[in-house]
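>>> Sequence and predicted structure below; questions after.
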Amino acid sequence: MGQPDDTTDPIPTLEVGETHEIEADGEVFDRIEVVNPGDGGYLVTGTVRDNFFTMDLGPKFNDSDVDEKEEYLNHRSEVIDSFFVERFGDSDGFGGIDHGIHGPSWDAAEFEFSQPIAEQATEGQAAEALWENTSAVAMHNEMDPGTYGSEDATSVLRERLAEFDRTRLPAREVSDDEKSQVIDGYTDAALAESRDAYIGEHPEFTPDEVDQAWGLFTVEKVPASIKDEYTQTLGPWLKNNSGDVDHFTTEHHEEPGLNDVGRRLYGSSTPGSPYAPNDPSAKFDDSDSNLEAQVVGRRLLLSAYDPESRRLQGFFRKRFKPTFFGEMRWE
């Protein structure tokens with residue numbers, strides 16, 4: 001990569017607020033402009049454009065459509081802004097990013113770098129000031145993986161976003177009615193699975209015969225001791241994950257209610273293996289839901305698992321088991 005031509009063309013005299021555009025090199029800078037800010041000198045600003053939609057920010061992001069990518073990036077604009085400020089710092093002339101939140105679309109995000117120059121400077125000297133005294137060239141190299149042996153900044157940004165995606169949203173107070181809705185949904189799902197399992201184990205009975213003979217698979221039949229355990233576990237679960245639950249119900253394409261959240265929580269804690277799955281269960285992370293719902297769905301799924309052992313926590317391993325004597329156990 002070469003530096004810009006050292007053209008000796010002088011920068012014309014500029015009135016306060018007046019600008020003059022210099023032909024950009026097109027390799028690092030897409031636009032270079034000189035302005036007279038009225039402080040006794042000139043200021044040269046170089047603009048670098050980049051397309052966030054084509055960045056490798058993870059498999060799910062890469063496979064999403066443009067609208068989902070834009071929503072994902074908009075929700076994480078502060079994380080992205082702080083990453084670039086920390087890495088390429090305003091002390092090196094970096095003035096921030098204009099992107100989908102407050103400027104051009106994310107596919108043409110603009111990074112601006114500025115340096116003061118003398119009024120008598122040439123166009124070549126102005127361009128050289130940007131190359132030599134700002135972090136623009138470093139950013140260009142690092143955002144293009146492997147360029148000139150530079151670190152791949154995209155991979156660092158990808159991990160920063162992944163860390164954000166793993167972080168639970170702030171919780172809020174939840175009402176008893178909200179808790180009851182989650183508990184009812186979880187109970188319905190547990191009873192339905194218990195009924196289906198019993199029918200599968202006893203092919204000699206039809207589903208109608210099982211329902212008539214046992215009549216166990218309703219909320220009213222659940223013992224008070226089991227209901228108490230549900231309340232003691234699922235109430236705190238909802239409070240701790242209320243921020244994620246709110247976001248999930250807003251972002252999901254079907255806008256599920258809290259009953260549905262309870263059913264999804266039960267379904268997500270019943271994988272074929274007792275270990276946390278590598279890919280989220282369809283119960284909390286539908287393949288046809290949008291990217292943002294998939295991200296928060298992943299967090300809600302993992303909330304039933306111990307973060308160190310990645311095994312289901314005790315309560316979420318339990319299942320309803322009807323006995324021959326008409327009892328309903330939760331074990």
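Right, received. Where do you want to start?
>>> which residues of this structure fall in strands?
19-22, 31-35, 42-50, 94-98, 109-117, 320-322, 328-330 (DSSP state E).
>>> Buried residues in the fourth one, which are they?
Just to be clear, that refers to strand 94-98. Of the residues in strand 94-98, 94, 97-98 count as buried by neighbour count, 16 or more other CB atoms under 10 Å. From N, CA and C alone the C-beta is placed, and that goes for glycine too.
>>> any low-confidence regions in this protein?
Counting by pLDDT under 70, the low-confidence segments of the chain come to 1-6, 90-92, 100-103, 146-149, 213-217, 252-256, 270-282, 285-288, 322-328.
>>> on that earlier part again, can you tell which of the strands of the chain is closest to Trp131?
strand 42-50 (8.5 Å; CB to CB).
>>> still on that earlier bit, let me know the closest of the buried residues of strand 94-98 to Tyr72.
Minimum distance to Tyr72 across those is 16.1 Å, recorded for Ile97 (CB to CB).
>>> Look up how far Arg172 lies from the closest one.
Counting by CB to CB, to the nearest Å, the gap from Ile97 to Arg172 is 31 Å.
>>> if we can go back for a sec, would TSV of the buried residues of strand 94-98 with distance to Phe320 be doable?
Output for those, formatted as TSV (distance: CB to CB, whole Å):
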residue	distance to Phe320
Phe94	59
Ile97	53
Asp98	56
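>>> mind checking which of the strands of the chain is nearest Ile226?
Closest among those, using CB to CB: strand 328-330, at 4.4 Å.
>>> Show me what stretch 161-178 is in contact with.
Outside of stretch 161-178, the residues within contact range by CB atoms under 8 Å, 6 or more residues apart in numbering are 57-58, 76, 79-80, 235, 238-244, 246-247, 258, 295-296, 298-299, 303.
>>> From these, list just the buried residues.
Among the contacts of stretch 161-178, those classed as buried by 16+ other CB under 10 Å are 57-58, 76, 80, 235, 238-239, 241-244, 247, 258, 295-296, 298-299, 303.
>>> what sits against the closest residue to Thr54 other than its chain neighbours?
Closest residue to Thr54 apart from its sequence neighbours, by CB to CB, 6 or more residues apart in numbering: Asp107 at 7.7 Å. Applying CB under 8 Å, 6+ apart, we find Asp107 in contact with 51-54, 66.
>>> which one among those residues gets closest to Glu159?
Here the nearest of the contacts of Asp107 to Glu159, counting by CB to CB, is Phe52; it sits at 15.9 Å.
>>> From Asn290, how far out is that closest one?
Distance from Phe52 to Asn290, counting by CB to CB: 17 Å.
>>> now do Ile199
Distance from Ile199 to Asn290, by CB to CB: 36 Å.
>>> again, but for Asn241
19 Å.
>>> ok, now Gln181?
Distance from Gln181 to Asn290, by CB to CB: 23 Å.
>>> likewise Thr122?
The spacing between Thr122 and Asn290, counted by CB to CB, is 52 Å.
>>> Take the strands of the chain and write them to TSV, including distance to Thr134.
Converted to TSV, the strands of the chain look like this (distance: least, CB to CB, whole Å):
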stretch	distance to Thr134
strand 19-22	15
strand 31-35	12
strand 42-50	7
strand 94-98	7
strand 109-117	4
strand 320-322	65
strand 328-330	64
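>>> Show me which of the contacts of Asp107 are buried.
52-53.
>>> Select from the contacts of Asp107 every entry located in helices.
Among the contacts of Asp107, the subset assigned to helices under DSSP state H consists of Val66.
>>> Let me have the contacts of Asp107 in TSV, adding distance to Gly38 as columns.
Below are the contacts of Asp107 laid out as TSV (distance: CB to CB, whole Å):
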residue	distance to Gly38
Asn51	35
Phe52	35
Phe53	38
Thr54	39
Val66	41
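>>> returning to what we had before: out of the contacts of stretch 161-178, name the ones that lie in helices.
Judged by DSSP H, the subset of the contacts of stretch 161-178 located in helices is 79-80, 235, 238-240, 242-244, 246-247, 258, 295-296, 298-299.
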